[in-house]
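Visitor: can't give you the sequence, but here's the structure:
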């Protein structure tokens, strides 16, 4: 990955990012799964082709679930959801759960990039 101009993410060592004039591409690795996300189709396809030339890979087309997170296309980007997972946990542990509860979350508020101090993944995973 490094020989192909990818940089390792400082926080998560299984995330690689490549920025060039034509756009960006991010690769997420988990066990034997890989998720390629890019700024345009050219970047995604060229990355996939480059990796296929070096590794025995199977291309499974566009993902709708990765690591238990459902991915939906929206008119202005992607929506990530684990509502199915939350539902399963609630049913398993709270038998009396039978309806959706409202929260005070304002859905018009969009998340912004964290500008605080980085917490490295290994340190984070060791927090009791």
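Guide: Done, it's in. As the structure is a prediction and not an experimental result, all values here were calculated from the model.
Visitor: Test my guess that residue 37 contacts residue 28.
Guide: Yes. Taking contacts as C-beta atoms under 8 Å, residue 37 lies within contact range of residue 28: 7.2 Å. Yep, even glycine has a C-beta here, placed from its N, CA and C like the rest.
Visitor: Need phi/psi at residue 5.
Guide: Main-chain dihedrals, residue 5, degrees, to the nearest 10: phi 70, psi 20.
Visitor: Residue 16 is in contact with that one, correct?
Guide: No. If you go by C-beta under 8 Å, residue 5 and residue 16 don't touch, sitting 9.8 Å apart.
Visitor: Mind checking which of the two has more residues around it?
Guide: Neighbour count, other C-beta atoms under 10 Å: between residue 5 and residue 16, residue 16 has more, with 22 against 11.
Visitor: Pretty sure the more buried one sits in a strand.
Guide: Yes. Counting by DSSP: H, G, I helix; E, B strand; the rest coil, residue 16 is located in a strand.
Visitor: Quick check: beta-bridge partners of it?
Guide: Counting by DSSP bridges, residue 16 forms beta bridges with residue 8, residue 27.
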